[in-house]
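Asker: the following comprises the amino acid sequence and a computationally predicted model.
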Amino acid sequence: MSVRVGILGATGAVGQRFIQLLDDHPTFDLAAVTASAESAGETYREAAKWRVDTPIPDDVAEMEVAETTPAGIADDDVDLLFSSLPSGVAAEVEPAFLEEGYVVSSNSSNDRMAADVPLTIPEINPGHLDLIEVQRDERGWDGALVKNPNCSTITMVPTLAAIDEFGLESVRVSTLQAVSGAGYSGVTSMEIIDNAIPHIGGEEEKMETESRKLLGEFDGAEVSLHDADVAASCNRIPTLDGHLENVFAEFADDPSPEDLREAMRSFEGAGDLPSSPDQLIKVYGDDEPERPQPRLDRTYADGMGIVAGGVQSTDAGAKYNCLAHNTIRGAAGASLLNGELLVEEGYV
């Protein structure tokens, strides 16, 4: 089965990752790329300042960039759209596509916590995708909108899903986030070199709310948030890619460090999608307490996996570290997986 896809906001950092990940994809064929009105009509090579570590695919380089409107891609016969638009733009643009009947898998942060929008990690909560039926009834459109979580949330939540069997009650997390998470112009060199920034606007709230929605229960009509108490402190550090997070968790039970490591290692999640790793979470043991590290571990499973380590007991529960590639698994790759799930479940 071949599915024709388009990318909304294809010239930005996440849009470029989409193009990289879609190259030679077994199901998706890239049929349309969009950007701002200023870039419309240019070839992709002319419009994009390419920064990804592999060359622009030749066929994409010569594609004509369309304006990011339904009319801009109306003649391209697209089955599925991936959105990497800034949230303010996406809030205005995505509904126009949805009202025209497009199915959109979006990395943009708008509407992630909307009651009728599935916020999905396919290995964690694929059943939440059926919120689309509620969404269509509530909003009266034929399209469908699914969101993936924030890059820092998606680093932590798979590990929490794996150890929730021990009665997860409380989570405290401090992040060390790469500069690419802010976009190419988000943090200047003068701000971040020889420095760390102990605040990322809106990031803490995203982690605290999105994680509870992802781990929540869907009853066919609505998602009940997980009742764990989650608090986050988010920090920017001078690494290029890879978010490292220090997690402190409390449980109703009393799992040992080996119980927690084994739960993470054996966690299979749900489904068998083309871009999902064979082993979602790689776990380092006591013999390698200095891992994971961004430079050494961010490309685990081609950047689509989660890496954990440093698992120890504390008086209140346990602590550990986790890491993911923030622009692959944490952004474009997450939307790509949601697109694969939409195909598998018959929404595309």
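Answerer: That came in fine, so what should we check first?
Asker: list the contacts of residue 266.
Answerer: If you count contacts by Cβ atoms under 8 Å, 6 or more residues apart in numbering, residue 266 has them with residue 162. (Each C-beta comes from the backbone N, C-alpha and C, glycine too.)
Asker: tell me the pLDDT at it?
Answerer: Looking at residue 266, its pLDDT stands at 96.
Asker: and the gap between it and residue 279?
Answerer: As for residue 266, its distance to residue 279 is 9 Å (criterion: Cβ to Cβ, to the nearest Å).
Asker: again with residue 289
Answerer: 21 Å.
Asker: could you check which of the two has the larger neighbour count?
Answerer: Taking other Cβ atoms under 10 Å, residue 289 and residue 279 do not tie; residue 279 has more neighbours (15 against 12).
Asker: pretty sure the more buried one contacts residue 265?
Answerer: Yes: between residue 279 and residue 265 there is a contact at 7.3 Å, judged by Cβ atoms under 8 Å.
Asker: which stretches of the stretch 151-300 of the chain form helices?
Answerer: Here the stretch 151-300 of the chain has its helices, by DSSP state H, counting those that start in this stretch, at 151-163, 189-192, 203-214, 257-265, 294-297.
Asker: tell me which of those helices approaches residue 333 most closely.
Answerer: helix 151-163 (9.2 Å; Cβ to Cβ).
Asker: packing partners of that closest one?
Answerer: strand 168-177, helix 203-214, strand 243-251, helix 257-265, strand 281-283, strand 306-313, strand 318-324 (3 or more Cβ pairs under 8 Å, 6 or more residues apart in numbering; DSSP states H and E).
Asker: just how off-centre is the second one within its chain?
Answerer: Spelled out, that is helix 203-214. 13 Å (Cα atoms, centre = their mean, to the nearest Å).
Asker: contacting residues around it?
Answerer: 109, 112-113, 119-121, 124-125, 149-150, 152-153, 156-157, 160-161, 171, 173, 175, 177, 223, 225-228, 230-234.
Asker: taking strand 243-251 as reference, get the angle to that helix.
Answerer: 50 degrees (axes from the mean of the first three to the mean of the last three Cα atoms, to 10 degrees).
Asker: only alpha carbons, please: show helix 203-214 as PDB.
Answerer: Output of helix 203-214 as PDB, limited to C-alpha atoms (Å, rounded to 0.1, in the frame of the first residue of the first chain):
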ATOM      1  CA  GLU A 203       7.900  23.400  28.700                       C
ATOM      2  CA  GLU A 204       7.300  22.500  32.300                       C
ATOM      3  CA  GLU A 205       3.500  22.700  32.000                       C
ATOM      4  CA  LYS A 206       3.600  20.600  28.800                       C
ATOM      5  CA  MET A 207       5.500  17.800  30.600                       C
ATOM      6  CA  GLU A 208       3.200  18.000  33.700                       C
ATOM      7  CA  THR A 209      -0.100  17.800  31.700                       C
ATOM      8  CA  GLU A 210       0.800  15.800  28.500                       C
ATOM      9  CA  SER A 211       2.300  13.000  30.500                       C
ATOM     10  CA  ARG A 212      -0.900  12.500  32.500                       C
ATOM     11  CA  LYS A 213      -3.000  12.500  29.300                       C
ATOM     12  CA  LEU A 214      -0.800  10.000  27.600                       C
END
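Asker: got the buried residues for it?
Answerer: Neighbour counts using 16 or more other Cβ atoms under 10 Å place 203-204, 206-214 of helix 203-214 among the buried residues.
Asker: any idea how far residue 246 is from the spatially closest residue to residue 285 that is not a sequence neighbour?
Answerer: Excluding the flanking residues, the one nearest residue 285 by Cβ to Cβ, 6 or more residues apart in numbering is residue 261, at 6.8 Å. As judged by Cβ to Cβ, residue 261 and residue 246 stand 16 Å apart.
Asker: same question, residue 260
Answerer: Residue 260 is 15 Å from residue 246, by Cβ to Cβ.
Asker: likewise for residue 329?
Answerer: Relative to residue 246, and taking Cβ to Cβ, residue 329 is found at 18 Å.
Asker: quick one, grab the pLDDT at residue 269.
Answerer: pLDDT for residue 269: 73.
Asker: and what of the one 4 residues further on?
Answerer: Listed pLDDT for residue 273 reads 94.
Asker: how near is it to residue 338?
Answerer: 9 Å.
Asker: between these two, what contacts are shared?
Answerer: residue 122.
Asker: ok, those two, which is more surrounded?
Answerer: residue 338 (27 against 20).
Asker: what about the residue nearest to that one when sequence neighbours are not counted, distance to residue 158?
Answerer: Excluding the flanking residues, the one nearest residue 338 by Cβ to Cβ, 6+ apart is residue 105, at 4.5 Å. Here residue 105 is placed at a distance of 19 Å from residue 158 (Cβ to Cβ).
Asker: neighbour count: those two, which is higher?
Answerer: residue 105 (26 against 23).
Asker: is it true that the more buried one touches residue 84?
Answerer: No: using Cβ under 8 Å, residue 105 is not in contact with residue 84; the gap is 10.2 Å.
Asker: so what sits against both of the two?
Answerer: Common neighbours of residue 105 and residue 84 (Cβ under 8 Å, 6+ apart) are residue 335.
Asker: who has more neighbours, residue 260 and residue 246?
Answerer: residue 260 (25 against 15).
Asker: in contact with the more buried one, which residues?
Answerer: By Cβ under 8 Å, 6+ apart, the neighbours of residue 260 are 163, 166, 311, 318, 320.
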